[in-house]
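J.: Structure here, sequence nowhere to be found:
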């Protein structure tokens, strides 16, 4: 029997870490945990995940580097011929905020490349096996910014908006093979990305009057990764406390 894995990108901390833990604890998936910079944080996450009774392996790559991602995934597959990746969660993303008039080209490209090209670089090499096995879950972590738009985040909004469109299109292509593709769009979530904002002021905009927790996003992702969500594909599901619908 194949050993079943879920790959979560950018999973050493924050939402990605919470998702990896939830997939391990609730769905009993072994975790392939991607990180780029922080090995120490990744090792801490690995320890927590393995405490749930599954195995966790670390895989380091920068999602925006096409050949690096392809090579690392190929090497891992060769070393683990008994493994199958059933779930892919494209969580890795970065922000580099600023008014569009003053955005530097490198800040535009790095944000776009991480979210959009990262989705392509990670998902495409793993898709063939999902289609062959006639089962898979692809879940893209997008953003309220990709749906509503946000001043000062034209690059991030463009990146996440593009991933939303890609989610819908890919779902149309591969649904017959029982591979679903969905997106989760968080609003204000307590994480590194919101560490510098004024939570007390911004939560006034949210009908539920608080920021969300990473674990709440993880609950939604875990549902979409489960067999319970077999008839859901091509969807973008908001999790924002009623801020936008």
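T.: Received the coordinates, thanks. Because the structure is predicted, anything quoted here is derived from the model rather than measured.
J.: Tell me which stretches of the chain form strands.
T.: 3-8, 30-35, 56-60, 83-90, 136-141, 179-186, 236-239 (DSSP state E).
J.: and the third one, how far out from the chain's middle?
T.: This means strand 56-60. On the basis of C-alpha atoms, centre = their mean, to the nearest Å, strand 56-60 sits 15 Å off its chain's mean C-alpha point.
J.: Now residue 62: closest residue in space that isn't a chain neighbour?
T.: residue 36 (5.1 Å; C-beta to C-beta, 6 or more residues apart in numbering). Glycine gets a C-beta too; all of them are placed from N, C-alpha and C.
J.: can you give me phi and psi for that neighbour?
T.: Main-chain torsions, residue 36, degrees, to the nearest 10: phi -110, psi -50.
J.: wait, what's in contact with it?
T.: For residue 36, the contact set (C-beta atoms under 8 Å, 6 or more residues apart in numbering) comprises 10, 60-63, 92.
J.: Next one: the most centrally placed residue in the chain from residue 8, what distance?
T.: For the chain, residue 91 is the residue whose C-alpha lies nearest the centre (C-alpha atoms, centre = their mean; 2.0 Å). From residue 91 across to residue 8, the span is 6 Å (C-beta to C-beta, to the nearest Å).
J.: ok, residue 101 - how many residues close by?
T.: 6 (other C-beta atoms under 10 Å).
J.: right, and the residue nearest to the centre of the chain touches residue 7 too?
T.: No. Residue 91 is beyond contact range of residue 7, at 9.9 Å (criterion: C-beta atoms under 8 Å).
J.: so what sits against both of residue 91 and residue 8?
T.: Joint contacts of residue 91 and residue 8 (C-beta under 8 Å, 6+ apart) are 16, 19.
J.: Wait, residue 211 touches residue 198, no?
T.: No. Using C-beta under 8 Å, residue 211 is not in contact with residue 198, being 11.1 Å away.
J.: Pick out whichever of these two has more residues nearby.
T.: Using other C-beta under 10 Å as the criterion, residue 211 and residue 198 rank with residue 211 on top: 20 against 9.
J.: how near is the more buried one to residue 203?
T.: 6 Å.
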